[in-house]
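Visitor: Pasting a predicted model and its sequence here:
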Amino acid sequence: QVQLVESGGGLVQPGGSLRLSCAASRFSLANYAIGWFRQAPGKEREGVSCISSDGSTDYADSIKGRFTISRDNAKNTVYLQMNSLKPEDTAVYYCAQRYRRCSWYTRTYDYWGQGTQVTVSS
């Protein structure tokens with residue numbers, strides 16, 4: 001069965017950095033898009049970033065210039081480097097898989113990880 005496992009979350013001060021990882025198993029990243037989403041308490045899940053099977057990337061306006069998505073096919077892992085973190089970035093971050101192309105619509109993703117908590121606070 002397809003598995004996605006997020007890691008790298010934690011508590012960080014405003015302005016700090018974290019790198020999230022999404023380790024995939026039982027499928028090859030080369031054929032799939034991986035999206036990062038986040039959900040804050042009381043809010044809907046929202047798209048953060050995505051990388052398609054061809055390596056093209058997309059970012060939400062709220063994080064452009066601060067977050068960078070990348071992929072290591074050899075390790076079957078997608079990363080989300082998060083810099084200049086703000087308190088409003090606090091949320092549970094999820095990665096999800098769909099075939100080939102990115103999408104901002106959560107219902108179009110087939111598999112999801114369990115999420116990792118990111119808390120930005122002084």
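Guide: Structure's in. What do you need?
Visitor: which ones are touching the residue lying farthest from the centre of the chain?
Guide: Relative to the centre of the chain, the most outlying C-alpha is that of Ser122, 23.3 Å out, by C-alpha atoms, centre = their mean. If a contact means C-beta atoms under 8 Å, 6 or more residues apart in numbering, then Ser122 has Gln13, Pro14 as its contacts. C-beta coordinates here come from the backbone N, C-alpha and C atoms, glycine included.
Visitor: And Tyr111, by the same measure?
Guide: Residues near Tyr111 by C-beta under 8 Å, 6+ apart: Val2, Gln3, Leu4, Ala96, Gln97.
Visitor: Just flag the most distant two among the residues you listed.
Guide: Longest distance between any two of these is 12.1 Å, between Gln3 and Ala96; criterion C-beta to C-beta.
Visitor: Neighbour count for the two, which is higher?
Guide: Between Gln3 and Ala96, counted using other C-beta atoms under 10 Å, the more crowded position is Ala96 (23 against 13).
Visitor: could you measure the residue nearest to the more buried one when sequence neighbours are not counted against Cys95, distance?
Guide: Distances taken as C-beta to C-beta, 6 or more residues apart in numbering place Tyr109 nearest to Ala96, at 3.8 Å, with adjacent residues excluded. Counting by C-beta to C-beta, to the nearest Å, the separation of Tyr109 from Cys95 is 9 Å.
Visitor: all strands of the protein, in order?
Guide: 3-7, 10-12, 18-25, 32-39, 46-51, 57-59, 67-72, 77-82, 91-99, 111-112, 116-120 (DSSP state E).
Visitor: Out of those, flag the one nearest Tyr105.
Guide: Comparison of the strands of the chain against Tyr105 by C-beta to C-beta identifies strand 46-51 as nearest, at 8.2 Å.
Visitor: Can you list the strands that that closest one pairs with?
Guide: Sheet pairing here is set by DSSP bridges, and for strand 46-51 it gives strand 32-39 (antiparallel), strand 57-59 (antiparallel).
Visitor: Thanks a lot, catch you later.
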